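S.K.: Below is the structure, and that's it, no one-letter string:
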């Protein structure tokens, strides 16, 4: 992952620790061959807009723990510019949506941290990584229990 190409100049000193944390996540046995990193080098500078819907990715990963034709469970971690804009680390556990109005997916566990400097970026990324490692260690690694836990409609029997 070319962090030097995606991190804002004021955050470059975080590169080594971010890389170490990403490697820790990548090397988890449950994440092996289930993850994909993406980076977006055109976003190093904060957007010049205060659009309330702003979500401009710098780097993200998805770890797919469960996937069938109709259902899935994924872990996500990203660094993004978010309104107003602030550099933000986001982590989530996501399941396919089975609501009458299809939302595509639901974040059944999520957390967000703003980072105003390199030190806070490392702390936020470490917290996000720890959240995902906890799920990788403790599970559950299929979507049904997550939906039950938060009271979401479950997948039809044919997709389980």
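M.R.: Sure, I can see it. Remember, predicted model here, so these are calculated numbers, not experimental data.

S.K.: For residue 94, grab phi and psi.
M.R.: phi -120, psi 140 (degrees, to the nearest 10).

S.K.: what does residue 110 give?
M.R.: phi -150, psi 150.

S.K.: residues near it, how many?
M.R.: 13 (other CB atoms under 10 Å). Just so you know, the C-beta spots here come from the backbone N, C-alpha and C atoms, and that holds for glycine as well.

S.K.: which helix is the longest one in the protein?
M.R.: helix 118-138 (DSSP state H).

S.K.: ok, and for the helix or strand following it, which residues are buried?
M.R.: Downstream of helix 118-138, the next assigned helix or strand under DSSP states H and E is helix 143-150. Within helix 143-150, the residues scored as buried using 16 or more other CB atoms under 10 Å are 143, 146-147.

S.K.: closest to residue 117 among those residues?
M.R.: residue 146 (34.0 Å; CB to CB).

S.K.: Could I get the contacting residues of that closest one?
M.R.: Contacts for residue 146 (CB atoms under 8 Å, 6 or more residues apart in numbering) come out as 73, 93, 95, 108-109, 140, 152.

S.K.: which two in these are spaced the farthest apart?
M.R.: Farthest apart among these - using CB to CB - are 140 and 152, which lie 14.1 Å from each other.

S.K.: Which of these two has more residues huddled nearby?
M.R.: Taking neighbours as other CB under 10 Å, residue 140 and residue 152 compare with residue 152 leading, 18 against 15.

S.K.: Brilliant, that's me finished.
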